[in-house]
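> Next input, structure requested:
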Amino acid sequence: MKHRDHLGKKMVNLMIVAFLATGAFVTVEGQEIQELSTLNAITTDGTPTEIAIHLSATGPIRGEIHSLDEPPTRLYIDLPNTVPAVPAVTDVEFGAVKRVRVALNQSSPPLTRVVIDVEDLASYELVAGLTERELRILVRKGLQETKAFRINALEWHRQKLEQLNQLLDRTSKQYADATINIAEKQQLEIEWDLKKTELVSNTPSTDFDRLHELLLTTCLIGNAITETLSAPLSMTDIESALAGASMLLGEAERIVSNLSENLL
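Down below sits the predicted model:
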C-alpha cells in the first residue's frame, strides 16, 4: 500500500513537471499556475506613414498600450506573466518609430515592459495577432511636410518603382515564351498582388499622389495580365496591357526624377 502511494505521488510530480515544461495550465492543491510566456521575437514592417511592430511569444500575451509625455515621445505596453528573450534595444529609425526597448520590469510575478520611442506621432493602436501568442502595434506618423519625411517617402516610392519594373520584365518574358510556366505564372500573380497590397496600405502625401496612382494602376494591370497569360485568345490584349504598364512606369520614373531634383 505504501509502495502504491509512493508511486502515485511520483507520477503526480512527473505530470506537474511535464505540464510546466510545455507551458500548460495546471492546478496544484487547488491553485492554478498560469502559463508562463517568453517574448522571443520583435519584428517591424510598414511604410513611412505607418509602421507595424510585431510581438511574438511562446505562449499567450496580452496587455494595454499607453503613452508618456505630451506630445507623446514614448509608448509602452506591459505583458504580464511574460519574460523577455529578445535584445534589450532594437533600433528601427523608420516612420514615427526610433527604437523599441524591452526589459523585465518585475520578476515575481514576471512582467515584461516594451517601450517604443517615437517622434512626430499621429496615432497608435494595439491590434490582436493571428494567434493569442502575437500582438501588433500600429504606429502612425504625423504628415508634417519635413524634408526628411519627404525624402523617406520618395525613397519608398523609388524602391517600389524598381521592384515593379523588374516584375514587369519577368511578366513580359512569360508572355514572350511559347510555353507558359504555370509555377512562374502563379508566383507572378502572388507578387503582383503583394505589391498592390503594399501600395493600397500606404497613404501618400499630396506631392506623391500622382506617383502613387501610377504605381498602383500598374499593379492592377499586372494582376490582370497574369490572370490571362495562359489564354491564347487574349494575347493581343496582353501585349497592349504590357505596353500600357511600361508607359505608366516611364511616367513614374520622370516624376521620381523631378521630385529628387526638388528635394536634393
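> element containing residue 249?
helix 235-263 (DSSP states H and E).
> Which elements pack onto that helix?
The contact analysis (3 or more C-beta pairs under 8 Å, 6 or more residues apart in numbering; DSSP states H and E) places helix 235-263 against helix 147-176, helix 209-228. (C-beta placed from N, C-alpha, C; glycine too.)
> Export the ones you listed to a markdown table and append columns for mean neighbour count and distance to residue 249.
Shown next, in a markdown table, are those (neighbours: other C-beta atoms under 10 Å; distance: least, C-beta to C-beta, whole Å):
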| stretch | mean neighbour count | distance to residue 249 |
| --- | --- | --- |
| helix 147-176 | 17 | 6 |
| helix 209-228 | 19 | 6 |
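> Nearest to residue 192, out of these?
helix 209-228 (3.9 Å; C-beta to C-beta).
> could you give the angle of the helix holding residue 249 to helix 209-228?
160 degrees (axes from the mean of the first three to the mean of the last three C-alpha atoms, to 10 degrees).
> Just the buried positions in helix 235-263, please.
By neighbour count on 16 or more other C-beta atoms under 10 Å, the buried set for helix 235-263 is 238, 241-242, 245, 248-249, 252-253, 255-256, 259.
> before we move on, the earlier item: adding distance to residue 41 and mean pLDDT, write the helices and strands packed on helix 235-263 out as TSV.
Below are the helices and strands packed on helix 235-263 laid out as TSV (distance: least, C-beta to C-beta, whole Å; pLDDT from 0 to 100):
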stretch	distance to residue 41	mean pLDDT
helix 147-176	24	88
helix 209-228	30	91
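> Next, format these as JSON lines and append distance to residue 36.
Formatted as JSON lines, those follow (distance: least, C-beta to C-beta, whole Å):
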{"stretch": "helix 147-176", "distance to residue 36": "40"}
{"stretch": "helix 209-228", "distance to residue 36": "44"}
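> looking at those helices, which is closest to residue 189?
Going by C-beta to C-beta, the one of those nearest residue 189 is helix 209-228, 4.4 Å.
> chain center to stretch 140-157: distance?
Computed by C-alpha atoms, centre = their mean, to the nearest Å, the chain-centroid distance of stretch 140-157 equals 19 Å.
> typo on my end, it should be stretch 214-222
22 Å.
> show me where pLDDT drops low in this protein?
In the predicted model of the chain, residues 1-34, 143-147, 177-180, 229-235, 264 satisfy pLDDT under 70.
> Excluding chain neighbours, what is closest to the residue nearest the centre of it?
Closest residue to the average C-alpha location of the chain: residue 45 at 3.9 Å, with C-alpha atoms, centre = their mean. Distances taken as C-beta to C-beta, 6 or more residues apart in numbering put residue 52 closest to residue 45, at 5.6 Å, once the chain neighbours are dropped.
> if I read this right, the one you found contacts residue 137, doesn't it?
Yes - Residue 52 is within contact range of residue 137, at 7.1 Å (criterion: C-beta atoms under 8 Å).
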